[in-house]
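Student: Turn this into a model:
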Amino acid sequence: MKALIQSKTGIVALVITLAFCISASAQQPKQPDAQQFRAYDISRESFLLGTVVKFDSASSTPPIGAHLILQTSTGQVDVHLGNRKVLKASHFELNPGDSVRIVGEPLTLGDTTYFAARIVQKGAQAVAVRNTKGFLTTPASLMTPAEKRSSARCAMKRLLTALVAAAALGISGLRRWRFQRPATSSDRQLQSVKLSGQYAFVTNGEVFTSGPNAPTSLARTGVFIADGKGNITGGIEDINTNGTPSNAIVISSGSYTVAANGRGAMTLNFQGGGAVDFGIVLTSTSDGLLIDETSNANQASTGSGNFVLQQSNPFALSEIAGTYVFDFSGFDGSPA
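Tutor: Numbering: from 1, shown residues only. Take a look at the predicted model:
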C-alpha cells in the first residue's frame, strides 16, 4: 500500500513538472529583433542580382541566422536571410551557382555591414523572410489558419501522449488509452474554398523598365472577378509608376489555381496585351495575400499586397459617409 502511494505521488510530481516545463517554454519571449532591425526602411530598399557562392543555414556571423555570400557585378555581398526554417517551410533551396534576386537594404550591426534581405527570389519562386517593417518572418506566419489549428492539435496530442506514458511508468498493467478526434468541418474548410466573386486588390513594389539595375516604384489597385471555376472573367486596375498614373486598365481575362492548403497562382490578362502573374494565399473564404511574380517579354516586376471580397450589391455614394481613418506610404518627388 505504501509503495502504491509513493508511486502515485511520483506520477503527480512528474505531471506537474511536465506542465510547468510546457508553460515556461510557452512564456519565453521571442527574440527581440525590434532593436536590431528598427532602422529598416522599405523606402530605402534596393535589390541585388547575382550568383550564390556559399549558403550557410546556421551562420555564427552576426546577425545570427541563415546567410549567403552573393557574387554580384561589383563584388561579393554578405546577405542575411533570417530564420532558416522559413526557407525550409517554403521548400526553398539555395545552392552554389544558383542565380537569385534579393530585395532588401544594407544595414550595420556593430562593425558588421550586411544586406538585410526581405524577399529572396529564385526563378519563379519567391519567399518573404522579413515583413515590410524589417521584422523576421517565422514558419508560423506562412501557415494557413487550418495548418495552425492542425499544429496546435498535434502539440496537444503529444502532451496527452506524454502524460499517459508517465502514468504507465508508475502503474503496472495500465490499460492503453487511445486519443482520436474525428475530423471537423473546419479541418476540411480550405479543401472546398473557391475563389469566387469580385475582389478588391492592392500591391506595392517595383517594375524593371530599363534593365535589372534600374528598378522603378510601382503601385497598383483595382478589382478582379473570379468565377469559382479557375477563370478570371473581368476587372480593372489603376497603376502608379514612379509618380506617373495609368488609370482604368481593363482586365479582360485570366486564370487561377488554388490548392487544398489555400496556396495558388493567378494570372491577369489586360485588354490590348500584357499580363501579370501572382502567387496567392487564401487566409479565409473572403480574403488573401498575393505577391507579384511577373517575368515575361512585356514586364518584369515584384511586389506584395492583399485582396478582399467586395459586397455583391453595387456601391452607392450614399454609403460612403462618416469619419474614416486612412494611411498610406510612398515617395515624395518634390525637391528637399
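
Student: CA atoms for contacts and neighbours, from now on please.
Tutor: OK.

Student: Next, count neighbours for the residue nearest to residue 139 when sequence neighbours are not counted.
Tutor: Nearest residue to residue 139 in three dimensions, chain neighbours excluded: residue 86, at 4.8 Å (C-alpha to C-alpha, 6 or more residues apart in numbering). Residue 86 has 22 neighbouring residues, counting by other C-alpha atoms under 10 Å.

Student: quick one: residue 86 and residue 93, what's the gap?
Tutor: Distance from residue 86 to residue 93, counting by C-alpha to C-alpha, to the nearest Å: 11 Å.

Student: And residue 277, by the same measure?
Tutor: To residue 93, residue 277 is 22 Å away according to C-alpha to C-alpha.

Student: who's more crowded, these two?
Tutor: More neighbours surround residue 277 than the other of residue 277 and residue 93, with 24 against 10 (other C-alpha under 10 Å).

Student: who touches that one in this structure?
Tutor: Going by C-alpha atoms under 8 Å, 6 or more residues apart in numbering, residue 277 touches 265, 266, 267, 268, 292, 293, 294, 295.

Student: can I assume it sits in a strand?
Tutor: Yes - judged by DSSP: H, G, I helix; E, B strand; the rest coil, residue 277 forms part of a strand.

Student: Give me the residues contacting stretch 306-319.
Tutor: 197, 198, 199, 200, 201, 202, 203, 286, 287, 288, 289, 290.

Student: Apart from its chain neighbours, what residue comes closest to the last one?
Tutor: Spelled out, that is residue 290. Spatial nearest neighbour of residue 290, excluding adjacent residues (C-alpha to C-alpha, 6+ apart): residue 280 at 4.3 Å.

Student: rewinding a little: what would the contacts of residue 277 look like in TSV with neighbour count, pLDDT and secondary structure?
Tutor: TSV is the format used below for those (neighbours: other C-alpha atoms under 10 Å; pLDDT from 0 to 100; DSSP: H, G, I helix; E, B strand; the rest coil):
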residue	neighbour count	pLDDT	secondary structure
265	17	93	strand
266	21	95	strand
267	20	95	strand
268	24	96	strand
292	25	93	strand
293	23	91	coil
294	20	89	coil
295	17	87	strand
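
Student: now those residues as CSV including distance to residue 59?
Tutor: Shown next, in CSV, are those (distance: C-alpha to C-alpha, whole Å):
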residue, distance to residue 59
265, 33
266, 36
267, 38
268, 40
292, 30
293, 29
294, 32
295, 32
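
Student: so which of those residues comes closest to residue 45?
Tutor: Distance to residue 45 across the contacts of residue 277 (C-alpha to C-alpha) is lowest for residue 292, with 16.4 Å.

Student: Contacts only, for the closest one.
Tutor: Residue 292 makes contact with 203, 276, 277, 278, 279, 301, 302, 303, 304 under the criterion C-alpha under 8 Å, 6+ apart.

Student: Please tell me how far it sits from residue 241.
Tutor: Counting by C-alpha to C-alpha, the gap from residue 292 to residue 241 is 15 Å.

Student: Downstream of the helix or strand encompassing residue 101, the next helix or strand is which one?
Tutor: Assigned by DSSP states H and E, residue 101 belongs to strand 99-109. The element immediately downstream of strand 99-109 (helix or strand, assigned by DSSP H and E) is strand 112-122.

Student: Fine, thanks again, bye for now.
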